[in-house]
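> heads up, no residue letters with this:
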């Protein structure tokens, strides 16, 4: 948390590609204008004994997927995390959950 204040969110980009009709690369300003921002609170509890409460403000993933128009071959959404060792010193070392950047996915 102490290093989050130095994190630069520009010039971040999000690439939407794959089995979709409308591939596009969004910059953060375009993402913020896609739809009204939503506020949510996520409460995570792990069987290993840790928990987190994460406030979130952003654009719904469903809005991004709707604009991409996935075709019938689309089965998964893959996310690859941001990793910049100059801004994120912890990304230089292997954590208990593996290397950063991480690739995660969800089924359609």
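Done, it's in. Here the structure is a predicted model, which is why all the values come from computation and not from measurement. Numbering: from 1, shown residues only.
> where do the helices sit along the protein?
28-33, 61-68 (DSSP state H).
> could you dump those to TSV with distance to residue 76, mean neighbour count and mean pLDDT?
(Each C-beta comes from the backbone N, C-alpha and C, glycine too.) As requested, these are exported to TSV (distance: least, C-beta to C-beta, whole Å; neighbours: other C-beta atoms under 10 Å; pLDDT from 0 to 100):
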stretch	distance to residue 76	mean neighbour count	mean pLDDT
helix 28-33	21	13	89
helix 61-68	12	14	91
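> which phi and psi does the closest residue to residue 7 other than its chain neighbours have?
Setting aside the residues directly before and after it, residue 7 is nearest to residue 87 in space (C-beta to C-beta, 6 or more residues apart in numbering), at 5.5 Å. Residue 87 adopts backbone torsions of phi -100, psi -20, taken as degrees, to the nearest 10.
> residue 87: neighbouring residues, count only.
13 (other C-beta atoms under 10 Å).
> all strands for the protein, in order.
13-16, 24-27, 38-45, 51-58, 76-80, 103-107 (DSSP state E).
> quick one: low-confidence parts of the chain?
For the chain, the stretches with pLDDT under 70 are 1-5, 90-108.
> can you name the farthest residue from the center of it?
residue 49 (24.3 Å; C-alpha atoms, centre = their mean).
> thinking again about what came up before, in TSV, list the helices of the chain along with distance to residue 9.
Listed next are the helices of the chain as TSV, based on distance: least, C-beta to C-beta, whole Å:
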stretch	distance to residue 9
helix 28-33	6
helix 61-68	17
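> what's the closest of these to residue 53?
helix 61-68 (20.2 Å; C-beta to C-beta).
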